[in-house]
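Engineer: output the structure for:
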Amino acid sequence: MPRSAPTLSGLQQKMNLLIFIMAVTECLFFAGIIFGWANIRPVMYAEGYFDTCSRSSRISNLEANVTEESIGNVSLVFPPPDCEEQKYMFSLVFTISSSMLNFSSLFTGFFLDLMGTLVSKIAATFLFTSGCLMIALSTPSTAWLLFPAYSFLLPVGGYWHLISNFQIGNLFEKRQGTVITLLSGCFDSSSFVFVVFRVLYENGISLRNEFLVYSAASLFLLLNAVFNLPRTYIPFPLPEDWTKNWKPKIEKKYSQGEGIKLPDIQEKNEASEEDQTAADKNGNVEGAEDSKAECKSGPSPPLKRISSVVEPKQLLRDQSFLSCLTSMNYVLHVLFVSVNQLKLYCFMGTAEDFIKTFDLQPETELHYLIAFGITQLTGVFFAPLMGVLVDRNKKYRSAGSSPLETLHDFVLPLALTALTGLLFSALLLVPVIQVQYATFIVQVMFRAFTYGLAFSFLSCNFPVQHIGKLIGIMMAVAGSISLLQLPIFMFVSTHLDGDPTYLNMAFAGLGCIAFVHPLHVMCYTRSRAPPLPRLDDDVEVPLSPVRTESAA
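Structural biologist: Take a look at the predicted model:
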């Protein structure tokens, strides 16, 4: 019969909850801080990083063409428009950091699958803490340290922790999608950390002291790995004897990389029955005769027939890496994430220029920039909505339900994400500044939905032992496409006078490509789902990995 959900002890359930809470804390306060660039960049301006314009020039041009933001005891001075080299260097820092986050996932994903959770998280913590210390010790004269620190160490270390935490969803089988999307939402919302940095800086706390304290706090990232998580990985489905010291067992594989196909299941079921018959003849002749007598009396009950089918999750676990990599579902998912990410990166990199197109007073511009930074925190509330939609049918199924059913559950979330992207592009084209409050919220929803589904789709539909590699390749491809943002930034700055309106129009049309993915998943699952047997037919229930007696 289909495998039921494992019954864990009360202590182990509390331990699983503690692991989840600590993972949420890691992702919320550390993993994705680089996306708070819009709020830490003015602090870097005020500190004089990459300042190729003389101070006298800055002061003389202040009243005419410099935006000055004053809060508390600190004045944040933006560079004058003629200081293009400084603006270019800051754009380059963010472009490299966002791209490095994606490219590094290729290495970190393979490393995670090869070396396990403990070693991966120790390495990630070392990189992240080193990056914080490097920024703390940097000065305007050593501004080049931002490239190894902000463009490499922080994104690689933070993103490595995120990838290694996705397996925690395996501890909550009925809520796997919700857990993964919540972790992804915390990753998106961690950009609020630099909002706090900016407010503290404007009230007299030096940038160096902020990063020194943050470096010490980042050692928290080691606690979950050392005391709670297994050395290797958390299996899926979760075994009944699961503990922190669980070790994977070597099992005979049922499939040789051909994926999950109905004929394979039938052949393996027939082979299993032949082996059982041979064992009965050799070991217990009387038992074999009794079995033959029972066969003559009539066909086997449907439940007995279905119970001999190889578990669908076992077949999912035995898929080869190559079959996963070449599947059309994976290819289209990579395209889906890549297009959405390019749109998000281009908006985040031009958010300040976008607000300036409304010709606002400096105080009003500052107000909208801070509003943009604060709304980034709300991603943690939107991301789980996709997880709830993904998990909406799991409570009605047994733990051994079909992978096709799990895959079909993603059609609606994927379609809603593509629709949110179109709405985001449409709002950017509305020339009313008050409407941009809604734009900021929809942008956070779109980002939370995109990354939540990017990781939960892979974690729920592909074998756990390949997740790190598949995520790494997906983000590496998305990062390659995201490199287009730098020439896009330069084109908008030099040929469109910093006005991203035409860029937003282009992305509105490009967003239609995102609908291809949910349409393909819907057609794929419907074409491979066998029809339900009619109750009035006097035949055996067909072997199907999709329908079980609990779902009938």
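
Engineer: report how many residues lie close to F128.
Structural biologist: Using other C-beta atoms under 10 Å, F128 has 27 neighbouring residues. C-betas here are computed from N, CA, C, even on glycine.

Engineer: residues touching it, list them.
Structural biologist: Taking C-beta atoms under 8 Å, 6 or more residues apart in numbering, we find F128 in contact with 30, 153-154, 157-158, 161, 218, 221.

Engineer: in a markdown table, list these along with secondary structure, distance to F354 and neighbour count.
Structural biologist: Formatted as a markdown table, those follow (DSSP: H, G, I helix; E, B strand; the rest coil; distance: C-beta to C-beta, whole Å; neighbours: other C-beta atoms under 10 Å):
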| residue | secondary structure | distance to F354 | neighbour count |
| --- | --- | --- | --- |
| F30 | helix | 28 | 27 |
| L153 | helix | 29 | 22 |
| L154 | helix | 25 | 29 |
| G157 | helix | 30 | 26 |
| G158 | helix | 26 | 26 |
| H161 | helix | 31 | 27 |
| S218 | helix | 32 | 24 |
| L221 | helix | 34 | 25 |
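
Engineer: for the residues you listed, give me a markdown table that also has pLDDT and distance to F321.
Structural biologist: Shown next, in a markdown table, are the contacts of F128 (pLDDT from 0 to 100; distance: C-beta to C-beta, whole Å):
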| residue | pLDDT | distance to F321 |
| --- | --- | --- |
| F30 | 90 | 30 |
| L153 | 89 | 29 |
| L154 | 89 | 30 |
| G157 | 89 | 26 |
| G158 | 88 | 26 |
| H161 | 87 | 23 |
| S218 | 90 | 33 |
| L221 | 86 | 28 |
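
Engineer: distance of D391 relative to T178?
Structural biologist: Using C-beta to C-beta, to the nearest Å, we find D391 at a distance of 5 Å from T178.

Engineer: and the longest helix for the chain?
Structural biologist: The helix that spans the most residues within the chain, counting by DSSP state H, is helix 84-115.

Engineer: for that one, buried residues please.
Structural biologist: If you call a residue buried by 16 or more other C-beta atoms under 10 Å, then helix 84-115 has these buried ones: 86-106, 108-109, 111-113.

Engineer: so V388 touches I180, yeah?
Structural biologist: No: the criterion here is C-beta atoms under 8 Å, and V388 misses it with I180 at 11.9 Å.

Engineer: any idea which element the closest residue in space to L154 that isn't next to it in sequence lies in?
Structural biologist: Using C-beta to C-beta, 6 or more residues apart in numbering and skipping the chain neighbours, the partner closest in space to L154 is G131 (4.1 Å). Per DSSP states H and E, G131 falls inside helix 117-137.

Engineer: list the contacts of L146.
Structural biologist: Taking C-beta under 8 Å, 6+ apart, we find L146 in contact with 44, 49, 93, 135, 138.

Engineer: can you list those in TSV and add pLDDT and distance to T375?
Structural biologist: Formatted as TSV, the contacts of L146 follow (pLDDT from 0 to 100; distance: C-beta to C-beta, whole Å):
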residue	pLDDT	distance to T375
M44	87	22
Y49	87	26
V93	87	23
I135	93	25
S138	91	29
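
Engineer: from those, which is closest to E365?
Structural biologist: M44 (17.7 Å; C-beta to C-beta).

Engineer: how far does the host helix or strand of the closest one sit from the chain's center?
Structural biologist: If you go by DSSP H and E, M44 is part of helix 37-47. Offset of helix 37-47 from its chain centre (C-alpha atoms, centre = their mean, to the nearest Å): 27 Å.

Engineer: and that helix, what other elements does it pack with?
Structural biologist: On a contact count with 3 or more C-beta pairs under 8 Å, 6 or more residues apart in numbering; DSSP states H and E, helix 37-47 meets strand 74-77, helix 84-115, helix 192-202, helix 328-356, helix 362-375.

Engineer: what's the first-to-last distance across stretch 453-470?
Structural biologist: One end of stretch 453-470 to the other measures 14 Å (C-alpha to C-alpha, to the nearest Å).

Engineer: next: stretch 392-402.
Structural biologist: Using C-alpha to C-alpha, first and last residues of stretch 392-402 are 15 Å apart.

Engineer: repeat for stretch 455-466
Structural biologist: End to end - C-alpha to C-alpha - stretch 455-466 spans 13 Å.

Engineer: repeat for stretch 492-505
Structural biologist: Chord length of stretch 492-505, first to last residue, is 13 Å (C-alpha to C-alpha).
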